[in-house]
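Participant: predicted model and sequence follow; I will ask about them next.
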There are 2 protein chains.
Amino acid sequence: MKLYDLPASPNARRVRIFIAEKDLQIPMVPIDMISGENRKSEYLAKNSLGRMPLLELDDGTCIAESIAICRYLESEFPSPPLFGSSGLEQAIIEMWQRRMEFLLLNPMINIFRHTHEMWKDRITQIPQIAEIESEDVKEKMIWLDAELKGKQYIAGGDYSVADITAQCAFVMGKAAVGIRIPQELSNLDAWWSRVTTRKSARA
Amino acid sequence: MKLYDLPASPNARRVRIFIAEKDLQIPMVPIDMISGENRKSEYLAKNSLGRMPLLELDDGTCIAESIAICRYLESEFPSPPLFGSSGLEQAIIEMWQRRMEFLLLNPMINIFRHTHEMWKDRITQIPQIAEIESEDVKEKMIWLDAELKGKQYIAGGDYSVADITAQCAFVMGKAAVGIRIPQELSNLDAWWSRVTTRKSARA
């Protein structure tokens, strides 16, 4: 199998961290979105939406969507489990993965798209969206800090895909939209040190 | 167990259809969002985000997020499988579930929130968002029609949670934001007849 990658994308980073946590060696093929490589027929035949990341299996089957790719890898390489083991654990991790995606990662991406030069000619930018989302993300950091009290990782048990989503949100926040975790949010700040010192964080 | 329900919510409808497809009898407790029942401390102790649906287990454990609830029910009541059986099938269904959620359901909800009277005092409404999302949803219907060629259901195999998400998106479109499936999109239109004539569609 191989992974069609977009190095700067937080969604692609989720998959790369997941792969690193599983200690897998999967060849990566970077796709150049700026030159429109993802809109060419060769790539569209693999993913009609022209998006990355994309996992291509040896028989040509293609799996799009970062979390779908991670789930496939979890089924093929179950150890260590990053989506949980029991049914209840899996549901709780799914809940937290989705919360981190909808409350942090997607807003961070939205802020970037509605403010950054790169997206100027690609979408109708509405700066007011970025302002509203920024305020909301700041509130959600306070909420998450309270939720993390007494917990090592987001879903309450071991490091999981929910942590991966949250850390990719904050990487985006720090690197692209100027939103950082305030030091006074000590639970969140401690969690951030915990996840970013893992070897996989550099993937 | 019991389900805290918000009858008008498309996310709650996803869980109700899922429960109906599994032929389960789970008591439902409607929560009145208009009067602010979901912002009271009793409910916030169950879900600090104050959102519905929410599944409460007999031991008091609470699971939020529609798809996390469905996953828990799938693990407890595996038949019929609505998230797929093999690892690959599960990944393909996850991919389609997410596509239906991000390309159709969430935009429909967004259009509603940014145009409807009910949300006027709850969020900063930006009508331009609704206009952009409406155009985008129309494009995505054309894309989905092409993707459905030769398929009975969204993920290509049996009826799955991806169909549930898509049908809840179109229920929202039809009932709340005036977006209907054009008859000339014959694959999509045939799929719509197929899913809405299932008994579960009335859940």
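Facilitator: Nice, thanks for sending it over. What you see is a predicted model; the values in this text were computed from it and never measured.

Participant: please list all residues in contact with A:Lys46.
Facilitator: A:Tyr4, A:Leu54, A:Glu56, A:Cys62 (C-beta atoms under 8 Å, 6 or more residues apart in numbering or on different chains). All C-beta spots, glycine's among them, are computed from the backbone N, C-alpha and C.

Participant: neighbour-wise, give me the winner out of these.
Facilitator: The residue in these with the most neighbours, by other C-beta atoms under 10 Å in any protein chain shown, is A:Leu54 (27 neighbours).

Participant: what pLDDT does that residue get?
Facilitator: We note a pLDDT of 98 for A:Leu54 in this prediction.

Participant: immediately after the longest helix along chain A, which helix or strand?
Facilitator: Taking residue count as the measure and DSSP state H as the definition, the longest helix of chain A comes out as helix A:127-147. Toward the C-terminus, helix A:127-147 is succeeded by helix A:161-172 as the next helix or strand (DSSP states H and E).

Participant: check whether that following helix comes near chain B.
Facilitator: No: under the criterion of C-beta under 8 Å from any C-beta of the partner chain, chain B is not reached by helix A:161-172; the shortest gap measures 10.7 Å.

Participant: show me where chain A has its strands.
Facilitator: Assigned by DSSP state E, the strands in chain A fall at A:2-5, A:28-30, A:54-56, A:62-64.

Participant: quick one: contacts for A:Glu133?
Facilitator: Each residue near A:Glu133 by C-beta under 8 Å, 6+ apart is listed here: A:Pro107, A:Met108, A:Asn110, A:Ile111, A:His114.

Participant: quick one: name the residues of chain A near chain B.
Facilitator: Taking C-beta under 8 Å from any C-beta as the criterion, the neighbours of chain B within chain A are A:48-49, A:57, A:61, A:63-65, A:67-69, A:71-72, A:74-76, A:86-88, A:90-92, A:94-95, A:98-99, A:124, A:126, A:128-129, A:132, A:143, A:146-147.

Participant: and the residues you listed, which of them are buried?
Facilitator: Among the residues of chain A next to chain B, those buried by neighbour count (16 or more other C-beta atoms under 10 Å in any protein chain shown) are A:63-65, A:67-69, A:71-72, A:74, A:88, A:90-92, A:94-95, A:98-99, A:126, A:129, A:132, A:147.

Participant: which of the residues you listed fall in helices?
Facilitator: For those, secondary structure assignment (DSSP H) places A:67-69, A:71-72, A:74, A:88, A:90-92, A:94-95, A:98-99, A:129, A:132, A:147 in helices.

Participant: pLDDT below threshold where in chain A?
Facilitator: Applying pLDDT under 70 to chain A flags no residue at all.

Participant: surely A:Lys199 meets A:Asp23?
Facilitator: No: under the criterion of C-beta atoms under 8 Å, A:Lys199 makes no contact with A:Asp23, lying 9.4 Å away.

Participant: what about the closest residue to A:Trp96 other than its chain neighbours, distance to chain B?
Facilitator: In space, and not counting its chain neighbours, A:Trp96 is closest to A:Ala162: 3.7 Å by C-beta to C-beta, 6 or more residues apart in numbering or on different chains. When C-beta to the nearest C-beta, to the nearest Å is the yardstick, A:Ala162 and chain B sit 11 Å from each other.

Participant: ok, how many other residues are close to A:Ala162?
Facilitator: Close neighbours of A:Ala162, defined as other C-beta under 10 Å, add up to 26.

Participant: and if you look at the one 3 residues further on?
Facilitator: Counted by other C-beta under 10 Å, the residues lying close to A:Thr165 total 27.

Participant: wait, it sits on A:Asn106?
Facilitator: No: between A:Thr165 and A:Asn106 there is no contact under C-beta under 8 Å: 9.8 Å.

Participant: who's in contact with A:Arg13?
Facilitator: Taking C-beta under 8 Å, 6+ apart as the contact definition, A:Arg13 lies against A:Cys168, A:Val171, A:Ala203.

Participant: contacting residues for the closest residue to the first one other than its chain neighbours?
Facilitator: So the one you mean is A:Cys168. In space, and not counting its chain neighbours, A:Cys168 is closest to A:Pro10: 4.3 Å by C-beta to C-beta, 6+ apart. A:Pro10 is in contact with A:Leu105, A:Met108, A:Ile109, A:Cys168, A:Ala169, A:Val171, A:Met172, counting by C-beta under 8 Å, 6+ apart.

Participant: swap in 7 Å and give it another go.
Facilitator: With C-beta atoms under 7 Å, 6 or more residues apart in numbering or on different chains as the criterion, the residues that contact A:Pro10 are A:Leu105, A:Ile109, A:Cys168, A:Ala169, A:Val171, A:Met172.

Participant: again with A:Asn47
Facilitator: A:Asn47 sits next to A:Leu54, A:Cys62, A:Ala64 when contact means C-beta under 7 Å, 6+ apart.

Participant: tabulate those residues (TSV), appending distance to A:Ala176.
Facilitator: Converted to TSV, the contacts of A:Asn47 look like this (distance: C-beta to C-beta, whole Å):
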residue	distance to A:Ala176
A:Leu54	22
A:Cys62	28
A:Ala64	23
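
Participant: what lies in contact with stretch A:145-161?
Facilitator: Stretch A:145-161 is contacted from outside by A:18, A:70, A:82-84, A:89, A:92-93, A:96-97, A:100, A:162-163, A:166, A:185, A:187-188, A:191, A:194, B:48, using C-beta under 7 Å, 6+ apart.
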